[in-house]
Structure formats: C-alpha cells, structure tokens
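**Student:** coords please:
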Amino acid sequence: MCDGLVIQTADWPDEETLDAMGIDSPYGLLGLYHGVDLTQKSIMNPQPSHDMVFLYRQPILAFARHRGEELGRVIAHVLIHEIGHHFGLSDEDMHALAGD
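**Tutor:** The predicted structure is shown next:
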C-alpha cells in the first residue's frame, strides 16, 4: 500500500512549508506527508504527482539529542507517523493508537 510513496530526507523544512503550517521554528517539524491519502484517492481523479514523506534531518537529530532518545527510534517513529497520514490517519488517530 506504500507502492509509489517517495521518501525523501532534507536537512531542514523549507520556509514555504513552515509558513503554510504556521510553524515558527524549523526545529518544530520533524517530518511531513505531502499527497492525497489512500482514503481520498480515486481512479476517477488521478493525481499528477507522487505522494511523498519528508524526514527533516537536523530537527530529528536535535530532538533525539534533546530527549536522550535513540536516533533510530526517533526516525522510525517519525516515518511511521508520516506513513500513517498516507493511510488517512489523523494525528489524533495515531495518538489514540499509541496510547498517548
């Protein structure tokens, strides 16, 4: 179900993305799903571009260091979270599933 999902890394989120999301600090965004989630896709309305997950390297490194968490666990958490958006889950859905 992730066929065609592009996963990219970038050092930082760009200013346009931060502005669009109302985030002041580039450290405030660890990852981002960009696309149309699977619950909204239709063969009657093909999308012109690939769905994408962005992982932001510097904010992830800073988060792991600040929290004293293993880097691999933070990366896995962010990646799974963004793929959850690809499946149509909201942040609230994912917090409920995780028991947060």
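**Student:** which residues are contacting the one helix or strand Ile80 maps to?
**Tutor:** Using DSSP states H and E, Ile80 falls within helix 71-86. Applying C-beta atoms under 8 Å, 6 or more residues apart in numbering, the contact partners of helix 71-86 are 2, 5, 7, 30-33, 35, 37-38, 51, 53-55, 60-61, 63-64, 67, 93-94. Using the backbone N, CA and C atoms, a C-beta is placed for each residue, glycine as well.
**Student:** which of the residues in it are buried?
**Tutor:** Residues of helix 71-86 classed as buried by neighbour count (16 or more other C-beta atoms under 10 Å): Val74, Ile75, His77, Val78, Leu79, His81, Glu82, Ile83, Gly84, His85, His86.
**Student:** List just the nearest of the residues you listed to Gly22.
**Tutor:** His85 (17.2 Å; C-beta to C-beta).
**Student:** And the closest one, how far from Ala62?
**Tutor:** Per C-beta to C-beta, to the nearest Å, His85 is found 22 Å from Ala62.
**Student:** and the lowest-mean-pLDDT helix or strand in the chain, which residues are buried?
**Tutor:** Lowest by mean pLDDT, DSSP states H and E among the helices and strands of the chain is helix 91-98, with a mean of 83. If you call a residue buried by 16+ other C-beta under 10 Å, then helix 91-98 has these buried ones: Met94.
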